[in-house]
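Peer 1: what shape does this take:
(chains A and B)
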Amino acid sequence: MTPNARLGSGDPSRSLVIRRLRKEYVKGHPVLRDVDLTIEGRGITAIIGPSGTGKSTLIRCINRLVEPTAGEILFMGQDIARLRGRALRMARRRIGMVFQEYNLVERLSVIENLLCGRLGYVNPVAAWLRKFPAADIAQAFDLLDAVGLGAFAHQRADALSGGQRQRVGIARALMQNPDLLLADEPTSSLDPRTSVEIMELIAALAGRMGIPVIVNIHQVDIARRFATRIVGMAGGGVVFDGPPQTLGDDRLKSIYGGEGWLAT
Amino acid sequence: MNGDQRAWERFTPRQRMARFVAYFGMVAAVAVSLRTIEFIPEFLYDAPTQMADLFRRMWPPDAKFYPTTVHGALVETLHIATLGTVMTVFLALPVGLLAATNITRSRTLNLFAHFILVSSRSVNTLVWALLFVAVFGPGALAGTVAIAFRSIGFVGKLFAEALEEAAPGPIEALMATGAPPASVFTKGYWPQVQPAFWSIMLFRWDINVRESAVLGLVGAGGVGMVLDDAMNLFRWQQVATVLLAIFAVVVAAEIAVNHIRKKII
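Peer 2: Alright, predicted model coming up:
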């Protein structure tokens, strides 16, 4: 199937089903209250909601950077919530992640940061000796061109600006050829213009590769502009779920509470 | 809001009382110590004369003694310090990994590693040397192993602390790619702690050069043996040569370490 054919219909094998997902950092005080959510294998799903309402926790439960307390996370025929050790690593290989603070390895070069996206596939000794497969290296240079940083391959990651680092972060996640891309507030540390550019890049590359995206985002306007579906969260549960056109001011009030902050 | 509620004091009355008691205790301890210290004035009055006498016997240093005896021993001392430090790399790395709570998530193993680190540090280099002279016989091998064992505690502890201070973000990102633990270490932790690690090793080498100079006093090789012999034979001019040579090497090591450290960080 060509990437374009996949783009319209979506890939059912890439869909994600979350059932009664619960997370309590402190016993008896759930941050996520039995969340049910189904993400079809296509498009960009934006999760919005006030700070501290469990958006990050939800996204981090999907690849188990946070341990769920209860519930199921069904992806590619497996319940990720139950996986351990090697099986969990195999599942994580299929899920790319972009972080708010980029989380690059600062002292490694840009190209090596990209190749880190292949660590799930490369033998640890080979990775240590920096003997990455030629195909991976070729893909890394291609992706670096795709995010517009072809000239920066051999610079150290700590020499880049915030926007450039996030481009590297995106390229690293896509190096996994993932079946799902998670983005945990990828634009929250960036200026408004760079935020839009970063979201455009995620939308374009994920769209071209047919990868469904789940993104946590604070800027409602950016969510409306890029998302195909918006999930509003408040108090650890889903309070809105629908296409961006249906997200009116009354809905925003129920998500964030109050109304004085809404521009008239 | 009335004035009383807006008043502010650094300490509560209880804390002030506790602080007074602590200070009073310190002053009292000094006063009691001064009364019980065994102070022999005769020795002190005599000291300048004794020191002057010693320096007069040392002067001039015996320059001919350097090429025949001191030089070889000094090179052996540097070998002991360097080889001992290299051995430490291999011994301290695994212990440091076991001691770092963010790498080894087993409380038992952490405690075990800390036990090794504390044991290594609580035994003085000369005592380690005495032990290994008994194992390997007198000579440079005993000194080298003694230096290595003494250094495990220092290097392992500082390495473990560097690991614990590594930024968690990149580690999380590599785990999210499905990387196995070995790769998370070589690509996530190691690049972050590498400068600290080499800096610790250089610092330890610097200390080891100084420590290995005295190992000869217990027969564990190096320039200390020459110093011991010269002192036992009251050849003060030779002693002066050895002391000057050690001083020169320590200063040279210090300069070299500072220079290299600037290059790697």
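Peer 1: these two touch, right, B:Phe149 and B:Trp128?
Peer 2: Yes - with contact defined as C-beta atoms under 8 Å, B:Phe149 counts as touching B:Trp128 (5.1 Å). Where C-beta positions appear, they are placed from N, C-alpha and C, glycine not excepted.
Peer 1: quick one: which of those two has more around it?
Peer 2: Each of B:Phe149 and B:Trp128 has its neighbours counted (other C-beta atoms under 10 Å in any protein chain shown); B:Trp128 has more, 24 against 21.
Peer 1: how about the closest residue to that one other than its chain neighbours, what does it touch?
Peer 2: Spatial nearest neighbour of B:Trp128, chain neighbours left out: B:Ala146 (3.9 Å); criterion: C-beta to C-beta, 6 or more residues apart in numbering or on different chains. Shown in contact with B:Ala146 (C-beta atoms under 8 Å, 6 or more residues apart in numbering or on different chains): B:84, B:125, B:128-129, B:131-132, B:215, B:220.
Peer 1: and the two most separated of those?
Peer 2: Within the contacts of B:Ala146, B:Gly84 and B:Leu131 form the most distant pair, 14.4 Å apart (C-beta to C-beta).
Peer 1: please say which of these two ends up with more neighbours.
Peer 2: Shown here are B:Gly84 and B:Leu131; by other C-beta under 10 Å, B:Gly84 has more neighbours (27 against 17).
Peer 1: wait, the more buried one sits on B:Ala148?
Peer 2: Yes - assessed by C-beta under 8 Å, B:Gly84 is found in contact with B:Ala148 at 4.5 Å.
Peer 1: ok, for B:Val123, nearest residue in space, not its chain neighbours?
Peer 2: Distance criterion C-beta to C-beta, 6+ apart; nearest residue to B:Val123, sequence neighbours excluded, is B:Arg150 at 7.1 Å.
Peer 1: picking up where we left off before, give me the element the residue nearest to B:Trp128 is part of.
Peer 2: Under the criterion of DSSP states H and E, B:Ala146 resides in helix B:140-164.
Peer 1: next, see if whichever helix or strand comes after that helix gets close to chain A.
Peer 2: Using DSSP H and E, the helix or strand that directly follows helix B:140-164 along the chain is helix B:168-176. Yes - against chain A, helix B:168-176 shows contacts by C-beta under 8 Å from any C-beta of the partner chain at B:169-170, B:172-176.
Peer 1: list the helices and strands the next helix-or-strand element following helix B:168-176 packs on?
Peer 2: As assigned by DSSP H and E, the chain's next helix or strand after helix B:168-176 is helix B:181-184. Applying 3 or more C-beta pairs under 8 Å, 6 or more residues apart in numbering or on different chains; DSSP states H and E, we find helix B:181-184 packed against helix A:124-128, helix B:168-176.
Peer 1: export these as JSON lines, with columns for mean pLDDT, distance to B:Ile37 and mean neighbour count.
Peer 2: Listed next are the helices and strands packed on helix B:181-184 as JSON lines, based on pLDDT from 0 to 100; distance: least, C-beta to C-beta, whole Å; neighbours: other C-beta atoms under 10 Å in any protein chain shown:
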{"stretch": "helix A:124-128", "mean pLDDT": "94", "distance to B:Ile37": "59", "mean neighbour count": "15"}
{"stretch": "helix B:168-176", "mean pLDDT": "95", "distance to B:Ile37": "52", "mean neighbour count": "22"}
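Peer 1: adding distance to A:Met199, write the ones you listed out as JSON lines.
Peer 2: What follows is the helices and strands packed on helix B:181-184, written out as JSON lines (distance: least, C-beta to C-beta, whole Å):
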{"stretch": "helix A:124-128", "distance to A:Met199": "31"}
{"stretch": "helix B:168-176", "distance to A:Met199": "20"}
